[in-house]
Structure formats: C-alpha cells, structure tokens
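Colleague: my questions are about this predicted structure, shown below with the sequence.
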Amino acid sequence: MYRRPMKLAQSVAYRCRSTAAAVKMNAGENSYMQQIKSEWQTAKSFTDLPGPSRWQVLRGFLKGGQYTNLDMRELMLLLRKQYGDTFLMPGFFGMADNVVTFNVENFERAFRTEGIWPERPGSDAVVHYRQNRPDGFFKDCIGLFSTGEDWGNLRSKANPVLMQQRNSALYLQPMQRVNQQFIQRIRDIRDEQTQEVPGNFLRDINHLTFESIAVVALDRELGLLRHAEQAPKAQKLFNNLQIFMQAFYELTIMPSIYKYVPTPTYKRFSTAMDEIFDVCSFYVNEAIERIEQKPADDSGNQSVLEQLLRVDRKFATVMSMDMLMGGVDTTSSALTGIMLCLAQFPEKQAKLRAEILAKLPQPTDEFAFNDMKSLPYLRAFIKESMRRYPVIFGNLRAAGADIVLEGYRIPKGTRVLMNSNLLLDEERYYPQAKEFLPERWLREQSGESEKLVAGNPSPFIYLPFGFGPRMCVGKRIVDMEMEITVSNLVRNFNVEYKYPTEKVFRSTFINSPVVPLKFKFTDIKY
Ligand code: HEM
C-alpha cells in the first residue's frame, strides 16, 4: 500500500491537468528541489553508475551475442538481472546514453522535476523530417513531437479541444457507427463452422482503430472497414502509417547516419511521411470545404477538426497527422490485450456483459453519453487488461534538472527510461498480481473521498498513458473508443481464443501482436 504526504499527493493531482497547472506545482516544489540540490553535493558521479560497457553492449548485439534477438521487454529484464534496478546503458555511434530504472522512487523524482515543458526524447527522426521538408511547411509548427516552449504552445492549444470530456460526446456517434461496421465485419469474415476469424484479424483491428481516429482527426469515415478495396486513398494512408512506424523504430533504436546522409531506412521513412502529409492535407482541405458550406454553427457542437481549424489551419493539419501516427498501433495493441482477457476469463466476461446489458438490454440500443459514465466494471476490466498486457514498457524523459537517483548524479538532459510497466506483475505492488482481477480497480467511498477497493499502489507505476502535462493527448479519445468497442463486443459475442497466449506480443516501442489472432466470436442469443 502506498502512502504519501498530503502535500505531494495534491501536487501530483495538479500535475495531470495542464501545463499551466504544472507551472503552479513547480512553484510549490522549491523545497523538493532544495533537497535534491543538497544531495547532489555528496552524490556519486554519473559515470559510477553500474551497467555494461560500450563494448559489452556492442558485443551483446552482434550475431550470437547475449542481447541479439531479445525483444525490448526481454532485454530490459535481462539487464536488470545483470545490473540491478538502476543502471547506465551507454549509447554508441552518436546515440545518447540512457539511465534505465525500475525503481518507483526514481520515477517520482524524474516526473516531479521534469519542468513545465517536459521532454520525451526519441522523436528525432520526425523532427528531422519536419525541419528539413523542402517546402518549409512545418517551420513554425513541428507538432507535438517538438520540445520546449514550441511544444508548450501547441499543447496548450490542443488540450482544450482533445482533453475536454465534454468534447468526447461529439465523437460518440461517429465512433459507434465505425464500431457497428467492425461488429459486422467480424460476422462477415468468421468461419461458418468454427466461428473463428482469420489469423490476420489484426489488420481488421487496425482498420477499426484507424477509422476511429479518422472520424475525430479528419472528421469523416474513410471506408476501410466497409469496402477497403474501394478506398485507395485511405489504404495508402493506412499502409504508410505502418511503414512509418516500422522505419521510425529502426531509426530510433539503431545507430544511423541519417541526419547527414539519407540512408535507405530514412528514405523509406521520409517517403511514408510525404505520403501521410499529402493524404492528410487532402482530407483536411476537403473538410474545410465541407465545413465552409455548412451554415454557421455557434452551438458549441463543432466537430473536433472544426475546433482545431478555428485555432489555425496548419495546426489542424499537423494535429490530424500526429493523432493518426500516435493512435492506431497503440490502440490495436490495447484492444488485442483486452480481447485476450475476455477470452481467458469467461466468468469475468460474463460479469462485464451483465453490466452492459443492464444498461442496454436490446441489441439495437445505442449508448448515450451519460451511459458511458456509469460502467465501473467496464473501466475496471480495461484497466486490468492493460495491467496484464501493457501497451508500452515504460516512459521516457530527459531529466528536467540535475537530479540524484539512488545516490548518483544524473545531469539535466540525461535520458531516463522508466520501466514502470515491467513492474505491473509484481506482487509487492499488486497483490495477487498473477490473477486477473478487474475488481482491484473498483472504487469505494472512504470518508469524504473515494479509494480503490484493493488500496492505492504508488501513482507512479500504472501509467499507460504517461504522466503530467506531456501525457497522451489522445487519452480521452481512446478511453471512449475502447469502452465502446469492448461493450459492443461482449453484447454481441461470446469471445474465445483457443491458442497459447504466452507469446502473443513482441515488445518494441510498443507491444505488438505477432501471432494469428484467431478469436472465436459466437453470437449472443437475445
Ligand atoms: C491505448 C492506446 C494508447 C496508449 C497506451 C498511448 C500511450 C501514450 C504514451 C505513453 C504517450 C507518452 C506520454 C508521456 O510522455 O508522458 C503518448 C503520447 C501521445 N499520444 Fe498516445 N496512447 C494511446 C492512444 C493514442 C491515441 C488514440 C492518440 C490520438 C488521438 C494518441 C496520440 C498521442 C500523441 C499525439 C502523443 C504525444 C503527446 C505529446 O507529446 O504532447 N495516443 N501516448
């Protein structure tokens, strides 16, 4: 059970709200910084941190080396075994060093000192592309991949549109339409005898998550779930998003000279970025024409894209790209994990179905916005699924100040990789950690306030959407998307999966499914 002084608990609560709130919090944290400053005087040097030498890292990744062929999760766990909870992973060939940590107190320190414009390293390839695009389109608007004040300005424009709960009501209907197409798609593609969908079902999940973002970011369905073959432009965008993800990963984790010479991977990456740019600009321009033809709407119900366009046309185009780049594979990974949990725990699936059917007894009933607010077991189920199958392995920050972690000096700007999600299956943080217990996330009244039934672990462990002012800007959108999708799945089908579940994911930037997802969907009889 985690206990913290009241003052800090309050400051953490502020932190999740906005950049402005972060300024307020930082002002109140002088004494915390003072404490770190005094520790700095006596702390050990950065270079004394345990960890492999550059040579050991290089050797480890060469053919036959101990790190070759490990995915990110396996690599991190092996390194932890070798060097303990906090170690230095040296970069080579111009790549930055990383301080890797599994220590919750370090997560707290890194986040509490991240500053008002937290920096999440690792976006260099996107920034490089955007800074060097020959037409200079991104010169004054690099997007949410930027840093410092530029990022702060953009983020403070994006938050009121994307992070407001009331705006979620705007995309409830369009997302439901997309979701119904997904349910129909399952009926169309499943095998008549076995009721199993084909092994390449991940593609359909990706189409769902792509279309769900498109109705928000581009204000329209693109047709991949209904008639993919008749939607070549959408196909092109979708395919290029996949190429972008793969090439971005390679450029970020492998040494590369792409900043000086366009390597083959960078060429692949920048061609995909060009195509994403062209297609998104096309759709945004089309939306502008559509919106301009509509009668003026001062009801406050303008679509998300319309609201972004009101801020600035270029900003809206860049945001639509950033949303598509951040919101497809991540959400597909989460939905795959949730479906696996539905299949592995039929009694929990039945409990969830009972909650949904109590709200929507008829198969044709549609969710109203208020329905979504009172489905505690649904939310708990999704949270527990994301604990069991985290989408990412942790969070990354450039230290926002000189800090001390476990007695070592960590200079400002050092990359700190916090492997918070690799602690989610540890008994000391989550009692009965191996069990699937959505119930642990339910809340109960405790005096004036609410608390988790199972007690609150540290707020710095379960961070699937990151932390503070830089946390995922799509959180509201994805919450709604997952809630609608999971509800619709369980009210339409009994979900099963008859295959091994030990190695479904491979962990890179995110945990991506790598096995055939032959889920069995049997119709629920009403
Ligand atoms: C289950 C699905 C998702 C997960 C697990 C996820 C997770 C994350 C995480 C961990 C971060 C980094 C936060 C930090 O550094 O503190 C992030 C950032 C971001 N996410 Fe998501 N995300 C998801 C879905 C989405 C969706 C649907 C969108 C688009 C609507 C989106 C757009 C973004 C963007 C643009 C950023 C960069 C924000 C910034 O740096 O200001 N994500 N996400």
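Modeller: Yes, it's here.

Colleague: every contact and neighbour count from this point should use C-alpha atoms.
Modeller: Noted.

Colleague: what's in contact with stretch 238-248?
Modeller: 125-126, 210, 265-266, 268-269, 272-273, 275-276, 324-325 (C-alpha atoms under 8 Å, 6 or more residues apart in numbering).

Colleague: tell me which strands and helices the helix or strand harbouring Thr485 is in contact with?
Modeller: Using DSSP states H and E, Thr485 maps to helix 475-492. Here helix 475-492 touches helix 165-189, helix 329-344, helix 346-359, helix 376-388, going by 3 or more C-alpha pairs under 8 Å, 6 or more residues apart in numbering; DSSP states H and E.

Colleague: and if we set it to 10 Å?
Modeller: Judged by 3 or more C-alpha pairs under 10 Å, 6 or more residues apart in numbering; DSSP states H and E, helix 475-492 is in contact with helix 148-162, helix 165-189, helix 201-217, helix 313-327, helix 329-344, helix 346-359, helix 376-388, strand 520-523.

Colleague: just checking, what packs against whichever helix or strand comes after the third one?
Modeller: To tie it back to what came earlier, the one meant is helix 201-217. Downstream of helix 201-217, the next assigned helix or strand under DSSP H and E is helix 224-227. Counting contacts by 3+ C-alpha pairs under 10 Å, 6+ apart, helix 224-227 packs against helix 165-189, helix 201-217, helix 232-253.

Colleague: just how off-centre is the first one within its chain?
Modeller: It stands for helix 165-189. Counting by C-alpha atoms, centre = their mean, to the nearest Å, helix 165-189 is centred 20 Å from the centre of its parent chain.

Colleague: wait, does that helix contact the ligand?
Modeller: No: if you take C-alpha under 6 Å from any ligand atom as the test, helix 165-189 misses the ligand, and the best it gets is 11.5 Å.

Colleague: pLDDT of that helix, averaged?
Modeller: Mean pLDDT, helix 165-189: 92.

Colleague: next one: the nearest residue to Leu222 once chain neighbours are set aside, what pLDDT does it get?
Modeller: Of all residues beyond its chain neighbours, the one nearest Leu222 is Ala234 (5.8 Å), with distances taken as C-alpha to C-alpha, 6 or more residues apart in numbering. In this model, Ala234 is scored at 94, pLDDT.

Colleague: from Phe315, how far off is Ala234?
Modeller: Noted for Ala234: a distance of 21 Å to Phe315, by C-alpha to C-alpha, to the nearest Å.

Colleague: ok, back up a step: isn't the residue nearest to Leu222 right up against Arg220?
Modeller: No: using C-alpha atoms under 10 Å, Ala234 makes no contact with Arg220, being 11.1 Å away.

Colleague: between the two, what contacts are shared?
Modeller: Contact criterion C-alpha atoms under 10 Å, 6 or more residues apart in numbering; residues shared by Ala234 and Arg220: Glu211, Ala214, Tyr283.

Colleague: any regions of the stretch 251-400 of the chain where pLDDT drops low?
Modeller: Where the stretch 251-400 of the chain drops to pLDDT under 70, the residues are 297-300.

Colleague: at 90 instead, please
Modeller: By pLDDT under 90, the weakly predicted segments of the stretch 251-400 of the chain are 253-256, 287-303, 310-312, 362-374, 393.

Colleague: got the residues of it near the ligand?
Modeller: When proximity is defined as C-alpha under 6 Å from any ligand atom, the stretch 251-400 of the chain approaches the ligand at Asp322, Met323, Gly326, Gly327, Thr330, Thr331, Ala334, Val391.
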